[in-house]
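J.: Got a predicted structure here, sequence first:
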Amino acid sequence: MTMIDALKEDYARFPKQQSYDLYAEDVYFEDPLNKFRGVQRYRKMIQFIQTWFIDTQMEVHDIQQQGDEITTRWTLRWQAPFPWKPKMEIPGRSELQLNEAGLICSHIDYWDCSRLDVLKQALSFRSSNI
């Protein structure tokens with residue numbers, strides 16, 4: 001199985017049953033809220049999402065590889081665990097860098113919206129559940 005195929009499978013079941021063996025032990029991760037190194041911290045972040053977010057879905061719009069760089073474009077959707085259960089969405093993209101062993105050594109996410117936009121979604125009291 002290629003790295004692209006493995007990533008497509010991970011995205012399809014995100015955040016459940018992720019393939020952490022695709023990542024180097026000292027993987028660097030960055031997004032607009034986090035910046036850290038280490039696959040164990042990455043695993044804890046994904047477990048947090050799985051535990052606290054409701055009905056999380058990752059829709060992949062595009063995934064491409066050129067040499068040792070993989071780029072993806074996606075939309076992450078979930079319901080926040082607040083009593084009013086706001087529906088939330090972050091469109092974005094990822095840049096993944098592979099090391100000489102073919103493992104992901106860098107994973108940087110970019111959001112196509114601001115952190116303030118995400119906060120506004122969380123504070124929105126519009127919901128189909130009300």
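T.: Arrived safely, thanks for sending. Numbering: from 1, shown residues only.
J.: all contacts plus neighbour counts: C-alpha atoms, from now on.
T.: Will do.
J.: So Val99 is in contact with Glu69, correct?
T.: To be clear, residue 99 is Asn; Val isn't right here. No. The criterion here is C-alpha atoms under 8 Å, and Asn99 misses it with Glu69 at 9.4 Å.
J.: tell me what the longest helix along the chain is packed against?
T.: Taking DSSP state H as the criterion, the chain has its longest helix at helix 39-52. Helix 39-52 sits against strand 23-30, with contacts defined as 3 or more C-alpha pairs under 8 Å, 6 or more residues apart in numbering; DSSP states H and E.
J.: can you map out the helices along this protein?
T.: Under the criterion DSSP H, the chain contains helices at 3-13, 39-52, 115-123.
J.: Now do the buried residues in the last one.
T.: Neighbour counts over helix 115-123 (16 or more other C-alpha atoms under 10 Å) mark Gln121, Ala122 as buried.
J.: contacts for it?
T.: Contact partners of helix 115-123, identified using C-alpha atoms under 8 Å, 6 or more residues apart in numbering, comprise Pro32, Ala80, Pro86, Lys87, Met88, Glu89, Ile90.
J.: ok now that helix, how far from the chain's centre?
T.: 17 Å (C-alpha atoms, centre = their mean, to the nearest Å).
J.: Now Lys16: closest residue in space, sequence neighbours ignored.
T.: Distances taken as C-alpha to C-alpha, 6 or more residues apart in numbering put Gln50 closest to Lys16, at 6.8 Å, once the chain neighbours are dropped.
J.: hmm, I was thinking of Trp52
T.: That would be Pro81: by C-alpha to C-alpha, 6+ apart, it lies 6.4 Å from Trp52.
J.: now swap in Arg93 and tell me
T.: Arg73 (4.2 Å).
J.: ok so, going back, quick check: mean pLDDT across the longest helix of the chain?
T.: Taken as a whole, helix 39-52 has an average pLDDT of 96.
J.: what angle separates that helix from strand 23-30?
T.: If you take axes from the mean of the first three to the mean of the last three C-alpha atoms, to 10 degrees, helix 39-52 sits at 70 degrees to strand 23-30.
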